[in-house]
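Student: below are the sequence and a predicted model; questions follow.
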Amino acid sequence: MDIAVKASAELGEGPTWDPAAERLIWVDILGARVHGFDPASGRQTVLVAEQHVGAAKPRAGGGLVVNLRDGVGLYDEEGAFRWLLHQPVPGRRGNDAAVAPDGALWAGTMRYDEAPGGGTLSRVTGDGAAVTVLPDATVSNGLGWSPDGALMYYIDTPTRRIDVFTVDGDGGVRDRRPLVDASGVPGSPDGLTVDADGCVWAAFWDGGAVRRYTPEGRLDRTLELPVSRPTACAFGGAGLRDLYVTTARVGVDAEREPLAGSVLVVPDAGVGLPQPAFAG
């Protein structure tokens, strides 16, 4: 395990490899910052977001799509912002999000007080059309798809499960069922990524680890980390072989965990899947 970016993010989240720019994109939700990191040069960039930002993903035409407190917005390559979907709800914010193989953004929300059933999961297409798929999530978190795109994996953190859906021909999903019951391991599942073997890697908040599960739901690898609150993970770098892990500083004793809030990397951890860009 190495340190990719030494930082003090309050709530680091959402690592995503941008293949066009060969950089890692990640966010500090509570700091309202979108960070870029080029591992080849060490160059870092920071974009100050309009609001608390749950996720930022590359767009097919350049720029970023962002899951903000009050909805989904777009930045162009020059940094100009506009709303794609503006739906403010008092007490609620955007959380984790991911782009499906068809280019749609799956955007989760949660209440600041984490009230049960107060969050949602919606599918947003490039023209801003949105369908709420799950109207009663609590802390909508990790999302990912199997290598063939036939399955979607999903975490609503308080359930302490990783669930799986079957993907329909129109990009929607059905038949939600548990893949992993993680109630027997420390911490709660947060963000996830899927590798080229179809295995699901999940960061465990308050569990100090990233765990890999086979497509059958069997735990087959645990990466212990020097922080208690890893939040999400993603493959990046040459050949998508390095596993980047974002972490949180909020609620942590920084003297005991000096790397909390940094981005960690496990070199040559496996082989990831190329992440599609948002078709908008």
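Tutor: Yes, it's here. Numbers count the residues shown, from 1 in each chain.
Student: how close does His52 get to Glu10?
Tutor: Using Cβ to Cβ, to the nearest Å, one obtains 10 Å as the distance from His52 to Glu10. All C-beta atoms are positioned from the backbone trio N, CA, C, and that covers glycine.
Student: more neighbours: the two, which one.
Tutor: Neighbours were counted for His52 and for Glu10 using other Cβ atoms under 10 Å; His52 has more, 20 against 17.
Student: hmm, the more buried one is touching Arg33, no?
Tutor: No. The pair His52 / Arg33 is not scored as a contact, 10.1 Å apart, by Cβ atoms under 8 Å.
Student: where do the contact lists of His52 and Glu10 overlap?
Tutor: Contact criterion Cβ atoms under 8 Å, 6 or more residues apart in numbering; residues shared by His52 and Glu10: Ile29, Leu30.
Student: next, give phi and psi for Gly217.
Tutor: phi 90, psi 10 (degrees, to the nearest 10).
Student: typed the wrong thing, it's His52
Tutor: Phi and psi for His52, reported as degrees, to the nearest 10, are phi -50, psi 130.
Student: so what's it up against?
Tutor: His52 makes contact with Ile29, Leu30, Ala32, Leu68, Arg69, Arg93, Gly94, according to Cβ under 8 Å, 6+ apart.
Student: just the closest of the residues you listed to Thr231, please.
Tutor: For the contacts of His52, the residue nearest Thr231 by Cβ to Cβ is Ile29; the value is 8.9 Å.
Student: quick check: bridge partners of the residue lying closest to the closest one once chain neighbours are set aside?
Tutor: Spatial nearest neighbour of Ile29, chain neighbours left out: Leu11 (4.2 Å); criterion: Cβ to Cβ, 6 or more residues apart in numbering. When bridges are called by DSSP bridges, Leu11 pairs up with Ala248.
Student: what pLDDT does Leu11 get?
Tutor: On pLDDT, Leu11 comes in at 98.
Student: gap between it and Glu78?
Tutor: Taking Cβ to Cβ, one finds Leu11 at 27 Å from Glu78.
Student: quick one, which of these two is more surrounded?
Tutor: Set side by side, Leu11 and Glu78 show more neighbours around Leu11, with 22 against 7, by other Cβ under 10 Å.
Student: apart from its neighbours in sequence, what residue is nearest Leu121?
Tutor: Per Cβ to Cβ, 6+ apart, closest to Leu121 is Leu134, 4.0 Å.
Student: what comes up buried for whichever strand or helix holds that neighbour?
Tutor: Using DSSP states H and E, Leu134 sits within strand 130-137. With burial defined by 16 or more other Cβ atoms under 10 Å, the residues of strand 130-137 counted as buried are Ala130, Val133, Leu134, Ala137.
Student: extract the C-alpha trace of that strand and format it as CSV.
Tutor: The C-alpha trace of strand 130-137 is given here as CSV (Å, rounded to 0.1, in the frame of the first residue of the first chain):
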residue,chain,number,x,y,z
ALA,A,130,-34.6,10.9,-15.0
VAL,A,131,-36.4,7.8,-13.6
THR,A,132,-36.3,7.1,-9.8
VAL,A,133,-35.6,3.4,-9.5
LEU,A,134,-35.4,3.2,-5.7
PRO,A,135,-37.5,5.8,-3.9
ASP,A,136,-36.7,4.6,-0.4
ALA,A,137,-33.0,4.1,-0.1
